[in-house]
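Asks: A structural model of the following input is requested.
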Amino acid sequence: MSVLFVTGTGTEVGKTVATAAVAALAGRRVAVLKPGQTGVAPGEPGDAAEVLRLAGPAVTTRELARYPEPLAPDTAARRSGRPTLTPGQVAEAVAALAADHHPVLVEGAGGLLVRYDEDGHTLADMALATAALGLDVEILVVVTAGLGTLNTTALTAEALRARGLALRGVVVGAWPAEPDLAARCNLADLPAVAGAPLLGVLPQGAAAEGGDAFHALARASLAPALGGDWDAAAFTARFSPPLP
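Replies: Now for the predicted structure:
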């Protein structure tokens, strides 16, 4: 992969931790771009800083715009009187990073179709604009574990297919210590509804420690396709509930 856009099926699903985990295993030339940071005041650490805390200082990070209120980027920009981001601006920033970084990870805000500007452009449009520059672009979707995740995952995958964007796979952003029946069943069902492999399951509390501890956790929680050792088949079989 050259450029991996990381989106979620909603907000607070673990995108930043998943981005940091992929970055931690991606080598010394990885860059992470956060196009629009919302809900963070000037001078406060945002998602890019959290990636650095977890994955380490070798990761290059960049943030393009910041809006103080925790809202969709378009709404937050209008309310703050600050300029919005266009897909072209993001694509150019990705291309600049890709000139000497591999891969480049782009972490979105909320879900795939959250609006970034007054014309309704989304992270999907940013990915398409990046692909139009000749870069290889894939999407990683971070999902929740429990009831309702199959619907939101299927909707996100359908939106990607409709736009001709390649879905690399899905990652569960926060696997509970005591998964319920729905979460256990979803391990087998998520790849089916996404039409793409399950590439990792990050445990709840994965962001507790950075550095070497986080690197070890990332390796144990992500599949080989993302640089880790995690075995999707073995994990799914371990939690698969018996039929009644």
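
Asks: alpha carbons only for contacts and neighbour counts from here, please
Replies: Fine.

Asks: all helices for this structure, in order.
Replies: 15-24, 47-55, 73-80, 87-98, 123-132, 149-162, 181-194, 212-221, 232-239 (DSSP state H).

Asks: Switch those over to CSV; also include mean neighbour count and mean pLDDT.
Replies: Shown next, in CSV, are those (neighbours: other CA atoms under 10 Å; pLDDT from 0 to 100):
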stretch, mean neighbour count, mean pLDDT
helix 15-24, 28, 98
helix 47-55, 21, 97
helix 73-80, 20, 96
helix 87-98, 19, 98
helix 123-132, 22, 98
helix 149-162, 18, 98
helix 181-194, 19, 98
helix 212-221, 20, 97
helix 232-239, 14, 97
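
Asks: Go through those and name the closest to residue 171.
Replies: helix 15-24 (7.5 Å; CA to CA).

Asks: Give me the residues contacting the closest one.
Replies: Contact with helix 15-24 is made by 6-8, 30-32, 47, 50-52, 54-56, 59, 105, 107, 142, 171, 173, 202, 206-207, 214-215, 218-219, 222, 226-227, as judged by CA atoms under 8 Å, 6 or more residues apart in numbering.

Asks: now do stretch 35-53
Replies: Applying CA under 8 Å, 6+ apart, the contact partners of stretch 35-53 are 16-17, 19-20, 32-34, 59, 61-73, 76, 85, 90, 106-109, 116, 210-211.

Asks: how far does it sit from the chain's center?
Replies: The chain centroid and the centroid of stretch 35-53 are separated by 15 Å under CA atoms, centre = their mean, to the nearest Å.

Asks: Tell me who's in contact with the closest residue to residue 87 other than its chain neighbours.
Replies: Leaving aside its sequence neighbours, residue 87 sits nearest to residue 126 (CA to CA, 6 or more residues apart in numbering; 4.3 Å). Contacts for residue 126 (CA under 8 Å, 6+ apart) come out as 86-88, 90-91.

Asks: hang on, the earlier thing: of the helices of the chain, which is nearest residue 2?
Replies: Proximity to residue 2 (CA to CA) singles out helix 87-98 among the helices of the chain, at 7.5 Å.

Asks: Return the alpha-carbon coordinates of that closest one using PDB.
Replies: Written as PDB, here are the backbone C-alpha positions of helix 87-98 (Å, rounded to 0.1, in the frame of the first residue of the first chain):
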ATOM      1  CA  PRO A  87     -10.200  17.300  -1.600                       C
ATOM      2  CA  GLY A  88      -7.500  18.800  -3.800                       C
ATOM      3  CA  GLN A  89      -5.700  20.300  -0.800                       C
ATOM      4  CA  VAL A  90      -5.700  17.000   1.000                       C
ATOM      5  CA  ALA A  91      -4.500  15.100  -2.100                       C
ATOM      6  CA  GLU A  92      -1.600  17.600  -2.600                       C
ATOM      7  CA  ALA A  93      -0.600  17.200   1.100                       C
ATOM      8  CA  VAL A  94      -0.700  13.400   0.700                       C
ATOM      9  CA  ALA A  95       1.400  13.500  -2.400                       C
ATOM     10  CA  ALA A  96       4.000  15.700  -0.800                       C
ATOM     11  CA  LEU A  97       4.300  13.200   2.100                       C
ATOM     12  CA  ALA A  98       4.300  10.300  -0.300                       C
END
